[in-house]
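Novice: Kindly return the folded structure for what I paste below:
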Amino acid sequence: NSVCSSCQEAMGEEDAGRLANWEARLQFVLESYTEKPTTHKLSDLKGVEVMIDNQFVRHGLADLVWEQLASQFATKNMFDRQLIVLEKRVEFAREAYKGLSGAKAWALEALGDCLRCHPRCRTTEAALAAYNEALEILVVMFGEDH
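Specialist: Down below sits the predicted model:
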């Protein structure tokens, strides 16, 4: 039995098999979103979001699917849903990548872009905070001239 580092629950063979099945489903979703970047039905998008929330505490595949969901929600002018998904990406990146991480910086940049353009965002302070945090990371990683 393995112990989860997030919740301290023991995972037996049956649990591992169940998780592997959920991972396979999520991988299939990711491939379908990236190989056929057409607009997907809203009910499908919301269903995938619920699946991630219910089955995955922190998973790299979930982050990649959230990126696709954010694009899909933006295409549908569902900026509130896009913002929520991008906030999940940033939260994931902060938890998964302690210290310097390009993935964290780019998730912050995407969040800043959404906040800057969000119809209900009355101030740019949140967008600037996201951009500044991303810039601090990227300057250390790649230098000011990059």
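Novice: Tell me which other helices or strands the lengthiest helix in the chain touches.
Specialist: In the chain, with assignment by DSSP state H, the single longest helix is helix 13-35. Judged by 3 or more C-beta pairs under 8 Å, 6 or more residues apart in numbering; DSSP states H and E, helix 13-35 is in contact with helix 42-55, helix 60-75. Quick note: C-beta positions are derived from backbone N, CA and C, even for glycine.
Novice: between it and helix 42-55, how big is the angle?
Specialist: Here helix 13-35 runs at an angle of 150 degrees relative to helix 42-55 (axes from the mean of the first three to the mean of the last three C-alpha atoms, to 10 degrees).
Novice: Need the mean per-residue confidence for helix 13-35.
Specialist: Mean pLDDT, computed over helix 13-35, is 91.
Novice: Buried residues of that helix, list them for me.
Specialist: Within helix 13-35, the residues scored as buried using 16 or more other C-beta atoms under 10 Å are Trp22, Leu26, Val29, Leu30, Tyr33.
Novice: can you give me the angle that helix makes with helix 60-75?
Specialist: 40 degrees.
Novice: which residues touch helix 13-35?
Specialist: 2, 11, 40, 48, 51-52, 55-56, 59, 61-62, 64-65, 68-69, 72 (C-beta atoms under 8 Å, 6 or more residues apart in numbering).
Novice: before we move on, what about stretch 94-114?
Specialist: With C-beta under 8 Å, 6+ apart, stretch 94-114 has contacts from 58, 60, 63, 67, 70, 74, 79, 82-83, 86-87, 89-90, 92-93, 127-128, 130-131, 133-135, 137-138, 140-141.
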